[in-house]
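**Q** have a look; sequence and predicted model below, questions after that.
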Amino acid sequence: MSQEAPPEPLVAYDHTDLVNRPKRIWNWGNIPLPGLLLPALGAAFGFGLVWLITLFTVSAFLPFLGMSMWTSILYFGPPFGIYFVWGRPLPSALTLSQQIVVWTDWWFQPKRLQGLAADQEPEQLHWQVILFAPGSPRWQARYEAARRAAAERGSAFAAAGR
């Protein structure tokens, strides 16, 4: 009798990238224009709001940061940069928002915050099994009735010995 090789593990690839693909909802003639990436637009708007408030506040004390043609790049460049970087895949194939979630999950997990996240495998694994069989006669009678019914149907439950 020949032994069969174990089956190869299943691997799933998302070649469609439906979640992160830019939506093409506007056309200019027959040319599809890329739609807005709403998560990136939200991130850029939130960052831009905080950025502009901060720069306007600082410019009250530093006059050279006042609004001009040259400082407008400083005022509006970073929010535009956030928009164009946010939804694009990084070399890890994750978008920036997904990568931030992974980093946050890694750095702020409870074991790491408590200092218990040593990067080593345990030398011995200990298993503990707790078997519970109620001593109530009513429960025992119902259990035996269920085992008899399973034996009549030929269920695997009845084949298990006590």
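**A** Here it is on my side, so go on.
**Q** in the helix or strand A145 falls within, what counts as buried?
**A** For A145, the host element (DSSP states H and E) is helix 137-153. Buried residues in helix 137-153, counting neighbours by 16 or more other Cβ atoms under 10 Å, are absent. C-betas here are computed from N, CA, C, even on glycine.
**Q** so for that helix, what's the average pLDDT?
**A** Model confidence over helix 137-153, given as mean pLDDT, is 85.
**Q** how about the strands in this protein?
**A** Assigned strands in the chain, in chain order: 26-28, 31-33 (criterion: DSSP state E).
**Q** that older thread, from the contact counts, what lies against the helix holding A145?
**A** helix 156-159 (3 or more Cβ pairs under 8 Å, 6 or more residues apart in numbering; DSSP states H and E).
**Q** surely F45 meets W86?
**A** No: F45 lies out of contact with W86 (Cβ atoms under 8 Å); the separation is 10.9 Å.
**Q** can you pick out the residue with more neighbours from the two?
**A** Between F45 and W86, counted using other Cβ atoms under 10 Å, W86 has the larger neighbour count: 19 against 13.
**Q** show me the contacts for that one.
**A** 37, 39-40, 43-44, 95-97 (Cβ atoms under 8 Å, 6 or more residues apart in numbering).
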